[in-house]
Every structure is written in structure tokens, then in C-alpha cells.
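1. 3D, please:
(one chain, ligands or ions: 1)
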Amino acid sequence: MNGKFISIEGIEGAGKSTQLSFIRDFLEQQGITVRVTREPGGTELGEQIRQLLLTPRDTGMSHDAELLLMFAARAEHIEQVIKPALARGEWVLCDRFVDATFAYQGGGRGIERARIEAISDWTLKGLQTDITFLFDLPVEQGQARVIKRQQEKDRFEQEKAAFFQLIRDCYLERAASEPSRIKVIDSSRDIAAIQDQLKAILAEMLAA
Ligand code: TMP
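-> This is a model prediction of the structure:
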């Protein structure tokens, strides 16, 4: 039996990491084998591509190069990690997947949606998440949380608030057009309310 494919998305500071651990623990308590992974990354080659994408560089990076590197990492990840795990009946819990490309490279960088769709169809070959949790909160709140982390900012985190506003808008638009796959989780609430909502959605998936 095939496993299920879950991704988590959101702008920087939306609380993805905390909730990813919660989802993994909850599913494991139900006896599910969970394969936690991330994009860009998840394979040896993918993690090297991640370094290329996230390291700030004086010479910049063209939007098309950024887009294609995301998909190069993803192609490797799908073949080496995601598909084999699903075929073994494991549940794949992925920190970001293709919705991030539509939001960041589409919404944020302004690459035409039809071009991303063409590369996406070619790379995913029909694969899509069963459920995507979109952790949503106002950009200013997300940015305030990132500042508190006090790590050096990566190439995306260095962008201005207007960039993240475009990304948030694009994520919400996608969620509105695919409400059964993309579940919006209001991350400005307290953690107990967020986790109650997550548990309810996961319980529905388990029962299906
Ligand atoms: P992370 O900080 O959530 O690990 O993600 C790394 C960065 O990569 C984050 O700023 C979002 C960005 N990203 C894209 O721009 N496009 C994509 O397709 C993915 C997967 C991530």
C-alpha cells in the first residue's frame, strides 16, 4: 500500500519546524513510519544544490537559474527519496515542496506561472501531496520571529518584506483554489489551537 505525502509550507518565521516535529510525533504515535525530509535538499546532491541556493552571493543569481536549481534538486529528491518511501508504505513529511516554487519563484520573483507549471508537470509526472499545511501569518510577525533567531540570514531571508508579502499572497491564492489539498493553518494563534487543528486533519487522513 502506498503511503501518504504531506508537505508543510509558509513564509519565513511561520513556525514550520515546531509543527513539523509535532506532526511527525503524532503520526509515529499512531504506528506510522514517517520519512522526514526537506526541499531544497533531502539527497546528497540536493543538499549541495541547497547550499548554492541559500548562500548569499555578491554576483546574484538569475531567476531562471534559481527556478531550475529548485527543480533539479526536486527531481533527484522525488526519484531517490519520495517515491521509494511512498512505495514502501511510509508517510513522507516534507518541509516544503512544489507549492514553495509557485510562491517564491512565481509570486516572489515574478516568473510566469505557466512556465513553472510546465517544468512542474515534467518533473513531478503526476506526483502531488495528499495534504499541504500552509502555516500562515502576517509578514511582519514572521519577520519578527526570524530576527529573534539571531542566525546569519540566508539569501532568501535577506529579502525585503514586500517580497514575502507577494509570497504570502500567492500561497493564499493557491490554497483558495485547492482547498481540499492545501489547508491553511492560522499561525498567529496559540500553539494548542494550532495543534488541535493539525490533529483533526491528520485524524481524518488516518481514517481515510
Ligand atoms: P527553508 O528555510 O524553509 O528551509 O527553505 C529554504 C528557502 O528556500 C526558503 O527561503 C524558501 C526557498 N525555496 C524556494 O524559494 N523555492 C522552493 O521551491 C523551495 C522548496 C524553497
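2. from here on, contacts and neighbour counts on C-alpha atoms
-> OK.
3. so what's the residue in the chain that the ligand sits nearest to up against?
-> For the chain and the ligand, the shortest gap (CA to the nearest ligand atom) falls at residue 101, measuring 3.5 Å. In this structure, residue 101 makes contact with 67, 70, 116, judged by CA atoms under 8 Å, 6 or more residues apart in numbering.
4. Can you say which helix or strand has the last one in it?
-> Assigned by DSSP states H and E, residue 116 falls within helix 113-124.
5. buried ones in that helix?
-> By 16 or more other CA atoms under 10 Å, the buried positions in helix 113-124 come out as 116, 120, 123.
6. what's the answer for stretch 72-84, then?
-> Across stretch 72-84, burial judged by 16+ other CA under 10 Å covers 72-78, 81-83.
7. Ok, stretch 124-136 next?
-> For stretch 124-136, burial by neighbour count (16+ other CA under 10 Å) applies to 129, 131-136.
8. Scan the helices and strands of this structure for the one with the lowest mean pLDDT.
-> Within the chain, no helix or strand scores below helix 139-149, which has a mean of 88 by mean pLDDT, DSSP states H and E.
9. in it, what counts as buried?
-> Using 16+ other CA under 10 Å as the test for burial, helix 139-149 gives 139, 142-143, 146.
10. farthest pair in the buried residues of stretch 124-136?
-> Using CA to CA, those reach their maximum pairwise distance at 129 and 136, which is 18.2 Å.
11. and residue 187, what does it touch?
-> 14-15, 135-137, 194.
12. would a markdown table of the residues you listed with secondary structure, distance to residue 29 and pLDDT be doable?
-> Output for the contacts of residue 187, formatted as a markdown table (DSSP: H, G, I helix; E, B strand; the rest coil; distance: CA to CA, whole Å; pLDDT from 0 to 100):
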| residue | secondary structure | distance to residue 29 | pLDDT |
| --- | --- | --- | --- |
| 14 | coil | 25 | 91 |
| 15 | coil | 22 | 90 |
| 135 | strand | 23 | 98 |
| 136 | strand | 26 | 98 |
| 137 | coil | 28 | 96 |
| 194 | helix | 18 | 97 |
